[in-house]
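# Requesting a structural model of the entry that follows:
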Amino acid sequence: MTDWTTGTVEREYYDEPAIPTKAQIADAGMRIICGVPMERTIMQEAFFGFLHIAVQGWPFAELAYTRNDIARYKLSKHLLESDFTHLLMMDSDHRHPHDIVQRLARWPLNYSNVQIAGGLCFRRGEPFDPCAFVYKDGHYRRLAEWPSGLVQVDALGTGAILIARQVFETIPPPWYDYKYEDLEGWPGTDMSFARYCEQYHIGQYLDTTTVSPHLGVLSVDADTYQAHLKQLGAI
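So this is what the prediction gives:
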């Protein structure tokens, strides 16, 4: 472990270990269940991403279509009522890497203090910045740069996040909620979960080498067409 330092922040940083096999993860005693909060329809591209993960034999929790905070609560509760050691939550509007389970599992596998490891996700709309924050001068600041590896952050998006069951055993439920009054314009369940982690001194870590692209719907109008023609040099 070394320090990752910029001109304004200093955080724990871990070099990238080898990606383990499914058998190596099992031999280490890690039992991972995947969960997809079903708050919206799954796009075709996202569906095939989940399919590539499922065919490897990773189990998925069944969950009814429901609101985001309730879905995350139910998935976390399901973990505690099972013999699984970790929950990997993946949002339904991302295309997740086929080896995302192995990629995120390698961090707690190699560093025993890592109980939360998330992939790098970006905001779907402009300015498309990363869903990861450091806290400085009383405000959450989105990352503007990052090293290649695992870096500690103060708040982490939950688009793709691996959480050890000890986290849910330490923090009392409901774990996720919407606190509109004090979250600086980001009242999502990820920010409230980050606050609970801070309160109970549980570190959050971002794997900057594992990216789950955010999917959206392109709105096409005459301006879109004209911009395309201009890019082609046709006008």
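# could you pull out the strands for this protein?
Taking DSSP state E as the test, the strands found in the chain are 2-5, 10-14, 32-35, 86-90, 116-120, 132-136, 139-142, 150-153, 155-156, 160-164, 204-211.
# elements contacting the third one?
Looking back up the chat, that one is strand 32-35. helix 68-80, strand 86-90, helix 100-110 (3 or more Cβ pairs under 8 Å, 6 or more residues apart in numbering; DSSP states H and E). Placement of C-beta: from N, CA and C, glycine included.
# If we use 6 Å, what do you get?
In terms of contacts (3 or more Cβ pairs under 6 Å, 6 or more residues apart in numbering; DSSP states H and E), strand 32-35 is packed against strand 86-90.
# just the last one next, same as before
Packing contacts for strand 204-211, counted by 3+ Cβ pairs under 6 Å, 6+ apart, involve strand 116-120, strand 150-153.
# what distance separates that strand from the middle of the whole chain?
8 Å (Cα atoms, centre = their mean, to the nearest Å).
# ok, residues contacting it?
Strand 204-211 is contacted by residues 16, 103, 114, 116-120, 132, 146, 148, 150-153, 156, 197 when judged by Cβ atoms under 6 Å, 6 or more residues apart in numbering.
# Ok, the third one next?
Counting by Cβ under 6 Å, 6+ apart, strand 32-35 makes contact with W58, P59, F60, A61, L75, F84, H86, L87, L88, M89, V101, all of which sit outside it.
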